[in-house]
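In: Need coordinates for the following:
(one chain, ligands or ions: 1)
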Amino acid sequence: MTEIIQKKLNDSPAMRWTALVLIASMMFFGYMFVDVMSPIQALMESQRGWTPDVFGTYAASEYIVNVCGFLIIAGVILDKTGIRFTGELSASMMLIGAVIKFIGITEWFQTTAMADWLNSWWVSMPASAKMACFGFMIFGCGCEMAGTTVSKAIAKWFKGKEMALAMGLEMAIARVGVFAIFSISPIIADKMGSVVAPVAFCTVLLLIGLITYTVFTFMDKKLDSQTGVTAEESDPEEEFKFSDLGKILTSEAFWIVALLCVLYYSAIFPFQRYGANMLQCNLDGISAEEASNIFRWFPIGAAVITPFLGNFLDRKGKGATMLMCGALLLICCHLVFAFVLPETKSAVIAYSTIVLLGISFALVPAALWPSVPKIVDEKILGSAYCLIFWVQNIGLCFVPKLIGNILTSTNEDNPAVIAAKEAGADFIPYDYTVPLIVFAGFGVLALIIAIYLKAVDKKRGYGLELPNIK
Ligand SMILES: NCCCC[C@H](NC(=O)[C@@H](N)CCCCN)C(=O)O
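Out: Predicted structure coming up:
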């Protein structure tokens with residue numbers, strides 16, 4: 001008798017990598033939108049009156065609804081309804097949020113009665129900023145929900161295969177998106193003579209992201225039909241229950257990973273906002289543009305290295321060790337920025353530390369996200385990812401403000417800063433030592449947790465040090 005073994009869609013490398021490209025495109029466009037305004041802050045100030053303080057509020061608005069609990073709901077939605085519905089919902093929320101933000105900053109909107117009303121209260125925030133914040137809140141909910149959906153989708157399509165490589169590639173593609181938008185946003189704004197054009201451009205890209213994810217949902221439906229997963233056939237035992245949330249929140253491994261995540265990322269994403277300025281303050285006579293050019297190597301370096309580390313993790317394992325090395329590198333880099341760079345003012349040290357920080361930013365994400373399916377059940381994976389993002393978003397929302405306050409208060413008596421402010425200079429030579437020590441402190445705590453995670457893994461046998469490919 002001949003046995004017919006039906007190949008599933010994700011058994012075909014071409015199919016599963018096509019699925020990855022479709023999923024990753026949505027995140028690529030999402031990450032582009034997140035940073036579309038970052039390189040045109042000066043233009044936003046001159047064209048729409050957004051002061052640095054307004055920018056700070058705008059940046060925090062991305063996370064605020066998530067921190068207030070949206071991500072917990074998102075996890076339940078993801079585990080209850082699956083990756084197809086949640087992905088479509090998140091892509092649509094990103095698009096709707098982007099459209100609101102686009103409308104809010106248009107010339108036309110500033111002339112409306114609604115803008116007059118928005119300008120009549122909390123007057124330090126222009127109407128355009130209030131609308132942009134509202135849009136960015138909706139976008140932020142969609143983007144974070146999409147981030148977790150994508151992780152769950154990759155875990156489903158690449159389980160027992162190149163899972164870490166696929167997750168690494170997805171993150172690498174997203175980082176290239178950040179690099180790309182930092183380069184093209186000012187060009188588009190300059191060519192079109194308006195800050196609205198780059199936002200419009202990225203909004204259209206988000207629509208394309210929604211389309212690519214829709215194509216993926218057809219592939220995923222086909223995969224489910226091959227594996228016999230249909231709504232009618234699903235086993236009630238395997239279904240997500242609300243009590244599962246309690247199981248996650250009382251799991252020690254979950255808290256170790258969540259704390260490691262918030263501490264590590266709090267020393268990365270908030271630092272990214274100050275990095276270029278920190279370099280300009282520590283290297284004599286370089287312009288803001290030159291400093292940005294050095295700093296740009298940080299995400300792009302991480303993008304290049306992450307897939308290689310993902311591949312290493314798939315074949316050789318050593319995930320927990322990678323987390324420890326990444327945290328250790330992070331500490332060294334922030335300490336070099338704090339103590340060595342101001343003394344030497346050496347561009348070579350600046351470049352090499354940026355590259356090392358890029359390696360750290362590749363090591364930790366490449367090992368962290370593929371570890372989650374090893375410590376939690378597949379049916380609660382979506383909630384676990386969302387709860388980790390929730391804890392992480394609390395850090396991402398408040399740490400930039402904390403660092404901003406520390407920077408201001410530790411420079412109150414700095415003569416160079418006082419003189420520059422009195423002279424009305426464009427460039428204020430801040431001393432970044434204390435904020436950098438705080439970032440290094442986050443790294444120290446992350447390192448301690450990573451060491452503890454390795455010990456727990458050894459005791460409980462989660463397999464974090466084992467390869468993914470079976
Ligand atoms: N499938 C994505 C895995 C997470 C990647 C991770 N992103 C995050 O942690 C986001 N919650 C925060 C992104 C903030 C961007 N402004 C990453 O390493 O990018």
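In: From the chain's centroid, how far away is the host helix or strand of residue 390?
Out: Taking DSSP states H and E as the definition, residue 390 sits inside helix 381-410. With Cα atoms, centre = their mean, to the nearest Å as the basis, helix 381-410 stands 11 Å off its chain's centre.
In: Buried residues in it, which are they?
Out: 381-397, 399-400, 403-404, 406-407, 410 (16 or more other Cβ atoms under 10 Å). Every C-beta, even on glycine, is put in place using the N, C-alpha and C of the backbone.
In: Secondary structure element holding the residue nearest to residue 463 when sequence neighbours are not counted?
Out: Spatial nearest neighbour of residue 463, excluding adjacent residues (Cβ to Cβ, 6 or more residues apart in numbering): residue 374 at 5.3 Å. Assigned by DSSP H and E, residue 374 belongs to helix 347-375.
In: Tell me the buried residues in that helix?
Out: Under the neighbour-count criterion of 16+ other Cβ under 10 Å, helix 347-375 has 349-350, 353-354, 356-375 buried.
In: average pLDDT across it?
Out: Here helix 347-375 scores 94 as its mean pLDDT.
In: which secondary structure elements does it contact?
Out: The helices and strands touching helix 347-375, judged by 3 or more Cβ pairs under 8 Å, 6 or more residues apart in numbering; DSSP states H and E, are helix 127-158, helix 163-192, helix 252-266, helix 288-295, helix 297-316, helix 319-335, helix 341-344, helix 381-410.
In: mind listing what the nearest residue to residue 436 once chain neighbours are set aside touches?
Out: In this structure, residue 436 finds its nearest non-sequential neighbour in residue 338, 3.7 Å apart by Cβ to Cβ, 6+ apart. For residue 338, the contacting residues are 432, 433, 436, 437, 440, by Cβ atoms under 8 Å, 6 or more residues apart in numbering.
In: Same check on residue 446?
Out: 260, 263, 264, 267, 327, 330, 364.
In: how far away is it from the ligand?
Out: 14 Å (Cβ to the nearest ligand atom, to the nearest Å).
In: Quick check: the residue of the stretch 351-470 of the chain nearest the ligand.
Out: At 4.0 Å from the ligand, residue 365 is the closest residue in the stretch 351-470 of the chain, using Cβ to the nearest ligand atom.
In: Which pLDDT value goes with the nearest residue to that residue once chain neighbours are set aside?
Out: With sequence-adjacent residues excluded and distances taken as Cβ to Cβ, 6+ apart, residue 365 is closest to residue 171, at 5.4 Å. According to the prediction, residue 171 has pLDDT 94.
In: try residue 4
Out: The score at residue 4 is 53. That number is its pLDDT.
In: cool, residue 47 as well?
Out: pLDDT, the model's per-residue confidence, is 88 for residue 47.
In: Can you tell me the closest non-neighbouring residue to it?
Out: According to Cβ to Cβ, 6+ apart, the nearest residue to residue 47 is residue 195 (5.3 Å).
In: ok, now how distant is the one you found from residue 181?
Out: 13 Å (Cβ to Cβ, to the nearest Å).
In: any common contacting residues for these two?
Out: By Cβ under 8 Å, 6+ apart, no residue touches both residue 195 and residue 181.
In: So residue 413: helix, strand or coil?
Out: coil (DSSP: H, G, I helix; E, B strand; the rest coil).
In: which phi and psi does it have?
Out: When read as degrees, to the nearest 10, the backbone of residue 413 gives phi -100, psi 10.
In: which residues does the closest residue to the ligand within the stretch 201-350 of the chain contact?
Out: With Cβ to the nearest ligand atom, the shortest gap between the stretch 201-350 of the chain and the ligand falls at residue 269, namely 5.5 Å. Counting by Cβ under 8 Å, 6+ apart, residue 269 touches residue 396.
In: Could you double-check that residue 244 sits in contact with residue 378?
Out: No: with contact defined as Cβ atoms under 8 Å, residue 244 does not count as touching residue 378 (11.5 Å).
In: what's near enough to touch the residue nearest to residue 47?
Out: For residue 195, the contact set (Cβ under 8 Å, 6+ apart) comprises 37, 40, 43, 44, 47, 48, 105, 189.
In: Relative to the ligand, how far out is it?
Out: Distance from residue 195 to the ligand, by Cβ to the nearest ligand atom: 20 Å.
In: Pipe the contacts of residue 195 into TSV and attach neighbour count and secondary structure per row.
Out: Compiled in TSV, the contacts of residue 195 are given as follows (neighbours: other Cβ atoms under 10 Å; DSSP: H, G, I helix; E, B strand; the rest coil):
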residue	neighbour count	secondary structure
37	25	coil
40	21	helix
43	19	helix
44	23	helix
47	18	helix
48	19	helix
105	25	helix
189	23	helix
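In: can you narrow those residues to ones near the ligand?
Out: When contact is defined as Cβ under 6 Å from any ligand atom, these do not meet the ligand at all.
In: between these, which is nearest residue 248?
Out: residue 37 (34.7 Å; Cβ to Cβ).
In: list the contacts for the closest residue to the closest one other than its chain neighbours?
Out: With Cβ to Cβ, 6+ apart as the criterion, residue 37 has its nearest non-adjacent residue at 6.2 Å, and that residue is residue 44. Residues near residue 44 by Cβ under 8 Å, 6+ apart: 37, 50, 55, 195.
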